[in-house]
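Trainee: compute the structure for the input listed below.
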Amino acid sequence: MDLRALRCFVAVAEEGHFGRAATRLHLAQPPLSRRIRDLEADLACRLFERIPTGARLTAAGEVLLPEARDLLARAERARELVRAAESVREVVLGTVAGAGLEAGADALAVLRATRPGLRVRLHEAPMTDPTGGLRERRVDLALTRLPFDTSGLTIRQLGTEPLVAAVPADDPLAGRPRLHVSELAGRPRFRLPAGTDARWRTYWLAADEDTPGPVVTSAEECLHAVVWDGVTGLLPAGAARRHARPGIAFVPVDGHPPSRVVLAHRADATERLVDAVADALADAHAARANGSARPGDRLAARAPR
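Mentor: Sure thing, here's the model as predicted:
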């Protein structure tokens, strides 16, 4: 049954008058009467008798009234349950090597305004897992970097980020304004463990697999290796801001492809709230790249009312 027609029916039954029911429902009387007629046609019976003081229920109407109230109550309960389920939904966002985090505050501001009940929990994945935890289903969405094996994943590129070489502060390269990746040849590097995605390892090592150096699993271990082992290695340019400290210099690198920052999620998982978080991050990243002062305009425009 049409719930709108049932609401009209209950209002007329409780008010005993079509005009008062129309006022209660903030509805003109002709469309109210039309919905009652449509309901009567659907049920093949009359629900009201016209009387001098308004309208009263027929025997069929008396039977329908408690059922209609019950149906409307259950419909409202279903609506509340669905809203409650969305209001406590948590989206887990995996992050790898600081990818795209600069846009996080802008995206969060938009989500708080458009999805006030949505929680976004951050999971910082080790550098050994470029999927950010997607394969193990630890996260719903990942901010990460290419290249790595993307089979079974849906990828959305956000932009690129240049690389820097992390070198000891007393190294001759530390004072250079820039360097070419070939100038790091032959130097010990920090390396990723065996078993890490092959394309990912090759990209960040940018050297032969047998290049000597300590094995690391996090950005902190990379920096520790530079200070204590005197090695060097490649990191995203943002590391110069996030991890600046005495004993380490970050020198921009030429001759190596920039890091491609992407959003990733499992291809077999499509959830509206995960899409909302992805859209907010993409909008915020694009706004920062374009110098926009209103990163949330496009997302806010399509937010639920």
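Trainee: so Ala68 sits right up against Ala5, yeah?
Mentor: No. The criterion here is C-beta atoms under 8 Å, and Ala68 misses it with Ala5 at 9.2 Å. To be clear about C-beta, it is placed using only N, CA and C from the backbone, and glycine gets the same treatment.
Trainee: so between these two, which is more surrounded?
Mentor: Ala68 (22 against 19; other C-beta atoms under 10 Å).
Trainee: and the residue sitting furthest away from the middle of the chain, how far from Gly16?
Mentor: Using C-alpha atoms, centre = their mean, the residue of the chain lying farthest from its centre is Pro52. It sits 59.7 Å away. In this view, Pro52 and Gly16 are 12 Å apart by C-beta to C-beta, to the nearest Å.
Trainee: same check on Arg241?
Mentor: Counting by C-beta to C-beta - Arg241 and Gly16 are separated by 71 Å.
Trainee: give me the more crowded residue out of those two.
Mentor: Gly16 (15 against 10).
Trainee: is it true that the more buried one touches Glu49?
Mentor: No. Look at Gly16 against Glu49 with C-beta under 8 Å: they stay out of range, at 11.0 Å.
Trainee: who touches both of these two?
Mentor: Ala55, Arg56 (C-beta atoms under 8 Å, 6 or more residues apart in numbering).
Trainee: can you give the contact residues for stretch 116-135?
Mentor: 86-97, 108, 111, 138-139, 142-145, 148, 153, 192-193, 195-197, 200, 204, 216-219, 222, 264-266, 273, 276-277.
Trainee: do a quick rundown of the strands in the chain.
Mentor: 48-51, 54-57, 90-95, 119-124, 141-146, 153-161, 163-168, 179-180, 233-236, 248-254, 259-266 (DSSP state E).
Trainee: please identify the most buried of the ones you listed.
Mentor: strand 141-146 (a mean of 26; mean count of other C-beta atoms under 10 Å).
Trainee: run the chain-centre distance for it.
Mentor: 12 Å (C-alpha atoms, centre = their mean, to the nearest Å).
Trainee: ok, the residue farthest from the centre of the chain to Ala13 distance?
Mentor: Taken as C-beta to C-beta, the span from Pro52 to Ala13 is 18 Å.
Trainee: same check, this time on Leu223
Mentor: Distance from Leu223 to Ala13, by C-beta to C-beta: 74 Å.
Trainee: also Phe148?
Mentor: 64 Å.
Trainee: just Arg56 next, same as before
Mentor: Arg56 is 9 Å from Ala13, by C-beta to C-beta.
Trainee: likewise Gly152?
Mentor: In terms of C-beta to C-beta, Gly152 sits 56 Å off from Ala13.
Trainee: those two: who's more crowded?
Mentor: Taking neighbours as other C-beta under 10 Å, Gly152 and Ala13 compare with Ala13 leading, 20 against 11.
Trainee: hang on, the more buried one packs against Leu65?
Mentor: Yes. Counting by C-beta under 8 Å, Leu65 is a contact partner of Ala13 at 5.3 Å.
Trainee: can you list residues touching both of those two?
Mentor: Leu57.
Trainee: can you give me the helices for the stretch 151-300 of the chain?
Mentor: Under the criterion DSSP state H, counting those that start in this stretch, the stretch 151-300 of the chain contains helices at 198-205, 219-229, 239-242, 272-290, 297-301.
Trainee: and those helices: which comes nearest Asp38?
Mentor: Of all those, helix 272-290 sits nearest to Asp38, with 32.6 Å by C-beta to C-beta.
Trainee: next, the angle from the closest one to strand 90-95.
Mentor: 40 degrees (axes from the mean of the first three to the mean of the last three C-alpha atoms, to 10 degrees).
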